[in-house]
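[1] Model the structure of this input:
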Amino acid sequence: MSLVILACGQVRPAGSETGHFDKRYLITSEEIASTKRPGWNAWDLIAQTRPTFLRSRGATSLRDLTQVRAVVYVDGMYFGKLESLRSIAVEEIKQIEFISSGDATTRYGTDHLGGAILISTR
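    Below you'll find the model as predicted:
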């Protein structure tokens, strides 16, 4: 019985003992400052640091083969489709986060099958 209890104990994500966590879904202000180049916009930054944010999530049905992509929110307000990232100067950005389709649907309602990119500005 002790082995079962030990086996079912709390599992920590890799690196959590040291205070680090998986940052695959977050681009911090420190990373932005160290990565950005003159003239870059949000699209350029994401393409360089987290290109998976920009990828299609595939078709949602056999009848509709339209590729599903994330939508963009800036400071909690709907901003547009992925192409709208090209109009946001990297100097204005404090943080970028990608949330899954489930989380995006919970926060913002239906029609977020590709997830959402959340941008916080300065």
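[2] So what pairs up with the residue nearest the centre of the chain in the strands?
    The central residue of the chain, meaning the one whose C-alpha is nearest the mean C-alpha position (Cα atoms, centre = their mean), is Phe98 at 1.1 Å. Using DSSP bridges, the bridge partners assigned to Phe98 are Ile117.
[3] Distance check, it against Lys23.
    Relative to Lys23, Phe98 is positioned 11 Å away (criterion: Cβ to Cβ, to the nearest Å). C-beta coordinates here come from the backbone N, C-alpha and C atoms, glycine included.
[4] Repeat that for Ser100.
    Distance of Ser100 to Lys23, computed by Cβ to Cβ: 15 Å.
[5] Those two - which one has more neighbours?
    Under the neighbour definition other Cβ atoms under 10 Å, Ser100 and Lys23 were set side by side, and Ser100 has more, 15 against 11.
[6] From the rest of the structure, what touches stretch 25-40?
    Counting by Cβ atoms under 8 Å, 6 or more residues apart in numbering, the neighbours of stretch 25-40 from elsewhere in the structure are 44-46, 48-50, 90-91, 93-99.
[7] Is Arg37 in a helix, a strand, or coil?
    Classification of Arg37 into helix, strand or coil gives coil, according to DSSP: H, G, I helix; E, B strand; the rest coil.
[8] hang on, isn't Ala89 packed against Asn41?
    Yes: the criterion here is Cβ atoms under 8 Å, and Ala89 meets it with Asn41 at 6.0 Å.
[9] The two - which one has more neighbours?
    Counting neighbours by other Cβ under 10 Å for Ala89 and for Asn41 shows that Asn41 has the greater number, 18 against 12.
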